[in-house]
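Colleague: Just need the structure, nothing else, for what follows:
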Amino acid sequence: MKEKLKKIIKSVVKEDIDIQILIPADKKQGDYSSNIAFLLAKKRSQKPNDIALEISQKINNIKSEILQDVKVQNGFINLYLKPEFLQNEIHKILQEKENYGSNNIGKKQKLQIEFVSANPTGPLTIGNARGGIIGDVLANIFKKSGYNTTREYYFNDAGEQIKALGHSVLKDDEAVYKGEYIDKLHQQIKALNVEKVGQEAAKIIIDSIQKTALKMGIEFDIWFKEGADLREKGKVEEIVEWLRKNNLAYEKDEAIWFKSTQFGDDKDRVLIKKTGEPTYFGVDCAYHKNKFLERNFDKVINIWGADHHGDVSRLKGFVEALGFKEKFEIILHQFVRLIENGKEVRMSKRKGKFILVDDLLNTVSKDVLRYFMLQYSSSSHVDFDLKLAKEKSQKNPVFYIQYAYARICGIIDKLKDKNADLGEKEADLSLLNNPEELDLIKEMIKFPDIIREINFDYQTQKLAFYSYNLATTFHYFYEKCRVLSDDKRISIARLKLLLAIKIVLKNCLDLMEISGREKM
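Modeller: Numbers count the residues shown, from 1 in each chain. A predicted model of the protein is given here:
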């Protein structure tokens, strides 16, 4: 919708300027609005209101099939949609069904999203879950936008952390990790060699992580292992040699360093320690060379916890050195706080005091876990309210949205049971002219714009907010408009409206991988 409105404004402005389409908080100020007059005012040295009046007059003169009216208020151009246009959008939704909201932004490009990627030194915690759910939903949205999307989990199953895991399982003086899972591994693994113990423990933990991911509704396409896929194939040595040949690495203090300061980092970074052991960064360089030069991804997105913020500049610098700066993104997500009885439950993986995803999923459903993780911006902390999550009432946003979907399904069934031929009859959609009916259609047609926007800003919480607002708009419509009307023509029109909102709400739920329950 926003793209259509941009085209209308561009057709009369005819200047190279970034047109922004906004949704006013107050419905009286239009269905949409634009601040273009303020942007042009700087270029033309004119008052924004004068420019807005000029543009609005030109738009009104072109007799748009979309716009009923254009008004100006305080320099903003307020746009009002025609009821006829809104009514016809129902046909589009009914025709496109599960494809409604799809676009071709991706143009079949290869896109890789790497997320979770927790070290296999312990089970997945609720902090890990957040990155997993954000990544999974982003992958769904990118797929709907025409990308060839790959979900990937990267295991650091080699190096110092595996030795630390081995010491921990053996419970010797160099033990690092503690917890019930370590106690179980101690009983299960009989080997004595530290490295062997660490490797066996990692395999068991990896298997556990894979099962937990499935419980969360996440299916990874690739499980990429540092040991087998990089170290054993000599990929770390290859990238270090490449960097040295290109004068991007040097030797100092018996270690090998990457010239990361050339790419905006505050200091150069070690690739290979003086012991000959690669650093995490050195292995990451090999891994990202694999992504771009060996598997030829057109776009790569890493989703990391905020505790990795210090690693961002060095890795971005390396990818820039490779020549793929514009094709690489890192999304950081903040931490999760579990709130129980008004108090935060503290977590520490090393001391064994942490909340496992498996334990949380024994308390709340996958649907609740996913929605609660999605309803915050990735830059904000999540306060996971356990009491609210367990609530089976409309106070719980997941229940509220699912109840809307179940109510829609129930009404459709009743309409069809009462009049078996209703679904086959042609509807006069011009009868859908009540404010509540038009507001519901206006809310539905925002869906394709939400999908487009998330492609560029990665703000998956927009989808969670939108699904809640759509459910709210439906509940209000249901209270004000009698669907099972004595007037058969209105019943048929409202049935089509309900079939359309069922499609849009189901598309939302499917992207979030939350169940669309037909009965509650």
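Colleague: helix or strand for the residue nearest to Gln459 when sequence neighbours are not counted, which one?
Modeller: Nearest residue to Gln459, sequence neighbours excluded (C-beta to C-beta, 6 or more residues apart in numbering): Ser377, at 6.2 Å. Where C-beta positions appear, they are placed from N, C-alpha and C, glycine not excepted. Under the criterion of DSSP states H and E, Ser377 resides outside all helices and strands.
Colleague: Ser377 and Lys462: what is the separation?
Modeller: Distance of Ser377 to Lys462, given as C-beta to C-beta, to the nearest Å: 9 Å.
Colleague: Looking at those two, which is more packed in?
Modeller: Lys462 (19 against 15; other C-beta atoms under 10 Å).
Colleague: And for stretch 304-313, what's in contact with it?
Modeller: Residues outside stretch 304-313 that contact it (C-beta atoms under 8 Å, 6 or more residues apart in numbering): 117, 127-128, 131, 260, 263-266, 280-281, 284, 330-335.
Colleague: meant to ask about stretch 213-220
Modeller: 116, 124, 129, 132-133, 135-136, 151-153, 210, 357-358, 361, 366, 369-370, 513.
Colleague: now these: which count as buried?
Modeller: 116, 124, 129, 132-133, 135-136, 151-153, 357, 361, 366, 369-370, 513 (16 or more other C-beta atoms under 10 Å).
Colleague: Counting neighbours, which bits of stretch 160-167 end up buried?
Modeller: Gln161, Ile162, Lys163, Ala164, Leu165, Gly166, His167.
Colleague: So which of these belong to helices?
Modeller: Gln161, Ile162, Lys163, Ala164, Leu165, Gly166, His167 (DSSP state H).
Colleague: Surely Leu332 is within a strand?
Modeller: Yes: under DSSP: H, G, I helix; E, B strand; the rest coil, Leu332 falls within a strand.
Colleague: still on that earlier bit, as TSV, the buried residues of stretch 160-167 with pLDDT would be great.
Modeller: Putting these into TSV (pLDDT from 0 to 100) gives the following:
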residue	pLDDT
Gln161	88
Ile162	92
Lys163	92
Ala164	93
Leu165	94
Gly166	93
His167	94
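Colleague: Would you reformat the residues you listed as CSV and include distance to Phe318?
Modeller: Listed next are those as CSV, based on distance: C-beta to C-beta, whole Å:
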residue, distance to Phe318
Gln161, 21
Ile162, 24
Lys163, 26
Ala164, 26
Leu165, 27
Gly166, 30
His167, 31
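Colleague: List just the nearest of these to Ile59.
Modeller: Of all the buried residues of stretch 160-167, Ile59 sits closest to Gln161, with 61.1 Å by C-beta to C-beta.
Colleague: just to revisit the earlier point, looking at the buried ones among the contacts of stretch 213-220, which are in helices?
Modeller: Ala129, Gly132, Ile133, Gly135, Asp136, Val357, Leu361, Lys366, Leu369, Arg370.
Colleague: quick one, what contacts the last one?
Modeller: For Arg370, the residues meeting the contact criterion (C-beta under 8 Å, 6+ apart) are Ile133, Val137, Met216, Gly217, Met512, Glu513, Ile514.
Colleague: do the same with Glu98
Modeller: Ile503, Lys506, Asn507, Asp510.
Colleague: Which two of these have the greatest separation?
Modeller: Greatest spacing in the contacts of Glu98, by C-beta to C-beta: Ile503 and Asp510 (10.4 Å).
Colleague: before we move on, back to that, show me which of the ones in helices among the buried residues of stretch 160-167 is closest to Ile445.
Modeller: Using C-beta to C-beta, those come closest to Ile445 at Gln161, 49.6 Å.
Colleague: thought that closest one was touching Thr121?
Modeller: Yes: the criterion here is C-beta atoms under 8 Å, and Gln161 meets it with Thr121 at 5.5 Å.
Colleague: low pLDDT regions in the stretch 251-400 of the chain?
Modeller: Flagging of the stretch 251-400 of the chain using pLDDT under 70 yields the residue ranges 347-353.
Colleague: now the strands: where do they sit in it?
Modeller: For the stretch 251-400 of the chain, strands defined by DSSP state E, counting those that start in this stretch occupy the ranges 255-258, 269-272, 299-305, 328-333, 336-340, 343-345, 382-385.
Colleague: Now find how far off-centre the shortest one is within its chain.
Modeller: It stands for strand 343-345. In terms of C-alpha atoms, centre = their mean, to the nearest Å, the centre of strand 343-345 is set 27 Å apart from its chain centre.
Colleague: ok, it: who's next to it in the sheet?
Modeller: Under the criterion DSSP bridges, strand 343-345 sits next to strand 336-340 (antiparallel) in its sheet.
Colleague: and the angle from the partner strand to strand 299-305?
Modeller: 40 degrees (axes from the mean of the first three to the mean of the last three C-alpha atoms, to 10 degrees).
Colleague: What residues sit buried inside strand 336-340?
Modeller: Buried, per 16+ other C-beta under 10 Å, within strand 336-340: Val336, Arg337, Leu338, Ile339.
Colleague: repeat for stretch 399-419
Modeller: Here stretch 399-419 shows 399-409, 411-412, 415 as buried, counting by 16+ other C-beta under 10 Å.
Colleague: and which of the residues you listed is nearest Ser64?
Modeller: For these, the minimum distance to Ser64 (C-beta to C-beta) is 31.7 Å, reached by Ile408.
Colleague: For that closest one, give me its contacts.
Modeller: Phe474, Leu498, Ile501, Lys502, Leu505.
Colleague: and the closest residue to Phe328 other than its chain neighbours, what does it touch?
Modeller: The shortest distance from Phe328 to any non-neighbouring residue, by C-beta to C-beta, 6+ apart, is to Val319 (4.5 Å). Counting by C-beta under 8 Å, 6+ apart, Val319 touches His288, Phe292, Val300, Lys325, Lys327, Phe328.
Colleague: Tell me the buried residues within these.
Modeller: Looking at the contacts of Val319 with 16+ other C-beta under 10 Å, the buried ones turn out to be His288, Phe292, Val300, Lys327, Phe328.
Colleague: Of the contacts of Arg370, which is the most crowded?
Modeller: Ile133 (27 neighbours).
Colleague: any idea how this structure splits into domains?
Modeller: 2-81, 116-231+334-389, 394-512 (automatic domain parsing).
Colleague: Please name whichever of these is nearest to Ile90.
Modeller: Using C-beta to C-beta, the domains of the chain put domain 394-512 closest to Ile90, at 4.8 Å.
Colleague: That closest one spans what distance, first to last residue?
Modeller: By C-alpha to C-alpha, to the nearest Å, the extent of domain 394-512 from end to end equals 19 Å.
Colleague: Tell me how far that domain lies from the chain's centre.
Modeller: For domain 394-512, the distance to the chain centre is 23 Å (C-alpha atoms, centre = their mean).
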